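# sequence and computational prediction follow.
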Amino acid sequence: MSVYVFPEEFDVAVVGGGHAGCEAALAAARLGARTLLLTQDLDTIAQMSCNPSIGGVGKGQLVREIDALGGAMAPAADRSMLSGHMLNTSKGAAVRSPRAQCDKKLYQAAMKRALELAPNLRVVQDEAAEVLTKGGRACGVGTARGTRYRAKTVVLTAGTFLRGLIHIGLDTFRGGRYNHPPSDLLSKSLAALGFRLGRLKTGTPMRLHARGIDFKKCERQDPDSPPAPFSHFTRAIANPQLPCWITRTSARTADIIRAGLHRSPLYSGKITSTGPRYCPSIEDKIVKFPHHGAHHLFLEPEGFGTEEYYVNGLSTSLPEGTQAEIVRSVPGLERAEIMRAGYAIEYDYCDPAQLDYTLETRVVPGLFMAGQVNGTTGYEEAAGQGLVAGANAALKALGREPLVLRRDEAYIGVMIDDLVSKGVDEPYRIFTSRAEYRLLLRQDNADLRLAPRALELGLLPAALKRPFEGYRAAVAALLGGGRPKAPPRGPWTLGRARAVAEIEKSYAAYIERNRREAEKMKKFEHVRIPAGFDYRAAKALPNEARHKLDARRPLTLAQAGRIPGVTPADVQLLRVLLERRAGGRKP
């Protein structure tokens, strides 16, 4: 095969055009880096391979944070929203989360347009086959058709494509998603570079034609009126809103599934990798929760211009004939037609304990990773990582200080710290319960927390600085019992400032407690552990702690304390050992 070296050298090369890749490329380009985005298919950029929805508990907070950092997910969701809700409105402010069904084609089009219009960004259709290195550092990407793209840094966002294997019943075929080829060569390249790879599994339910659904037998679920936008910069949702529908499985459904388990790849032994615990297949629900007489199913439209409905709660990899029987056993779906069968997919991922907080890999400097390649699941988790990885790849290439988010600053920081500190043994998804400072990390204050960082770095336009400062001053004045000297301008309003201030006042005591706890932990966040520290020689530490610390190689004392099996007493001992190593000076 002939080799063609592309004449232009890039600052950042992003591999993959999914949710992580889109945010990575846009963030890098916004920072002024010469950026390349490589994707197998320009027509599937930002494809919603599973549920065409954005947000949810914890996930909605991630979307608001991505938006506050200049990302594209929230405005794309607002332009394509067809059924929006604010979840948990009857509960405390810390767990209120926006969620919306989106028109999946409109979402794709909005994201593709954002990429095409972005300055400093070149989008190319080609398959990445290897990460190029020089002197042990990433220096570009080689493609399946023999082109070599030189780059100072590389961001890998391969999704489920690394040696992807699709299962429907006992039949298997190679694919990164249905009807799209996997990326086998890239997986081999990572293994050759020394990365620890593992296998994970996820799945998706069937899609149904609306004409076969008896909606009279289903419970109508109307959207909010009006729905709240995801983006801080969207004034109102322009699209008409559609209802979703709720039905339930029956006893007949459970009987069909139990009778077909011998042809399930999950229960026949064909699939051995771990799937997402918080989004189980219908087979797992029936087997593991036999005491439940029925399971809720949500019928959700896939777009304004299609008759397809997504069956949320009916993820399965059973044979297609069995899937048809299952569907017909559900009230309201007795005459439903399957348009696309459900399936499971297994794929390679890289152990995220091989990452730094910037999402740069420790194995190959200059190579960053984001999304499902790091063991996560979900569009929002991928997009949040993509933004951080893309920004840091650009900052590294441009010789600037990195962007690192703490656990008390953002859910994105919680997620990245969880991945780096603990690794994964199942697909990771965010929840509000993962954040110990969740009252500080509300969806309503994402801009107050993160917009200053974004403006400082250049991820948000400089023109937003003055109106944002006016908004921040208005919130501060209201909290102090005074009146704002000037009304906020631009996308921010006095009504929004009053709403945020009211929440802060209502939870003032709890918020202050969260802030005090976060301040206590900061001293450990800044205590770095030398890369070559020999835990095996640290005999003062218990055996379990030595083993866990040596396996995970934490970067800071705070990170060490979050490793399962490492106690607070172990952390204090480790601090003493570090002080001795530093000659009595505090590390």
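Right, received. Where do you want to start?

# make it CA atoms for all contacts and neighbour counts henceforth
OK.

# measure Glu8 to Gly146 for me?
Relative to Gly146, Glu8 is positioned 16 Å away (C-alpha to C-alpha, to the nearest Å).

# and the next helix or strand past the helix or strand where Ala558 lies?
Assigned by DSSP states H and E, Ala558 belongs to helix 557-561. Counting by DSSP H and E, the next helix or strand C-terminal to helix 557-561 is helix 568-581.

# so how many other residues sit close to His292?
10 (other C-alpha atoms under 10 Å).

# ignore what I typed, I meant Gly313.
Using other C-alpha under 10 Å, Gly313 has 20 other residues around it.

# and if you look at Arg516?
11.

# mind checking the SS state of it?
helix (DSSP: H, G, I helix; E, B strand; the rest coil).

# so if I had to pick from Glu8 and Gly146, which one is more boxed in?
More neighbours surround Gly146 than the other of Glu8 and Gly146, with 16 against 10 (other C-alpha under 10 Å).

# which residues touch the more buried one?
1-4 (C-alpha atoms under 8 Å, 6 or more residues apart in numbering).

# go again with 10 Å.
Neighbouring residues of Gly146 by C-alpha atoms under 10 Å, 6 or more residues apart in numbering: 1-5, 126-129.

# same thing with Asp126?
Neighbours of Asp126 in contact, by C-alpha under 10 Å, 6+ apart: 15-16, 37-42, 142-147.

# buried ones among those residues?
By neighbour count, with 16 or more other C-alpha atoms under 10 Å, those hold 15-16, 37-40, 142-143, 146-147 as buried.

# A strand includes Phe524, no?
No: counting by three-state DSSP, Phe524 falls outside a strand, being helix.

# so it versus Phe533, what's the distance?
For Phe524, the distance to Phe533 equals 17 Å [C-alpha to C-alpha].

# tell me which of these two has more neighbours.
Counting neighbours by other C-alpha under 10 Å for Phe524 and for Phe533 shows that Phe524 has the greater number, 18 against 13.

# Thr44 touches Asn179, doesn't it?
No: the criterion here is C-alpha atoms under 10 Å, and Thr44 misses it with Asn179 at 11.5 Å.

# Ser90: neighbour count?
Residues near Ser90, counting by other C-alpha under 10 Å, number 8.

# that one against Arg96, yeah?
Yes: with contacts counted by C-alpha under 10 Å, Ser90 reaches Arg96, the gap being 8.5 Å.

# and Gly169, what does it touch?
By C-alpha under 10 Å, 6+ apart, the neighbours of Gly169 are 260-266, 268, 270, 316-323, 342-344.

# which of those fall in strands?
Within the contacts of Gly169, residues falling in strands by DSSP state E are 343-344.

# counting contacts, what elements does whichever strand in the chain runs longest pack onto?
Across the chain, the longest stretch assigned as strand under DSSP E is strand 197-209. Applying 3 or more C-alpha pairs under 10 Å, 6 or more residues apart in numbering; DSSP states H and E, one finds that strand 197-209 contacts strand 165-168, helix 184-192, strand 296-301, strand 308-315, helix 320-328, strand 338-340, strand 343-350.

# cutoff 6 Å now
The contact analysis (3 or more C-alpha pairs under 6 Å, 6 or more residues apart in numbering; DSSP states H and E) places strand 197-209 against strand 308-315, strand 338-340, strand 343-350.

# identify whichever of these lies nearest to Arg211.
strand 308-315 (9.4 Å; C-alpha to C-alpha).

# give the other helices and strands that that closest one contacts.
Using 3+ C-alpha pairs under 6 Å, 6+ apart, strand 308-315 sits against strand 197-209, strand 296-301.

# and stretch 296-313, end to end?
By C-alpha to C-alpha, the extent of stretch 296-313 from end to end equals 7 Å.

# chain center to that stretch: distance?
Distance of stretch 296-313 from the chain centroid (C-alpha atoms, centre = their mean, to the nearest Å) equals 22 Å.

# next: stretch 391-403.
Worked out by C-alpha atoms, centre = their mean, stretch 391-403 lies 21 Å from the chain centre.

# rounded mean pLDDT for that stretch, please.
If you average the pLDDT over stretch 391-403, you get 98.

# give me the contact list for that stretch.
Contacting residues not belonging to stretch 391-403 are listed as 11, 27-28, 33, 152-153 [C-alpha atoms under 6 Å, 6 or more residues apart in numbering].

# next up, phi/psi of Ile246, please.
Backbone torsions for Ile246, taken as degrees, to the nearest 10, come to phi -120, psi 130.

# tally of neighbours for it?
Quick note: Ile246 (other C-alpha under 10 Å) scores 18 neighbours.

# I only care about the contacts of Gly169 that end up buried; give me the ChimeraX line for that.
Of the contacts of Gly169, the buried ones can be selected in ChimeraX as follows, counting by 16+ other C-alpha under 10 Å:
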select :260,261,263,264,265,266,316,317,318,319,320,322,323,342,343,344
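
# element containing the residue nearest the centre of the chain?
Nearest to the geometric centre of the chain sits Glu381, at 0.9 Å (C-alpha atoms, centre = their mean). Per DSSP H and E, Glu381 falls inside helix 379-397.
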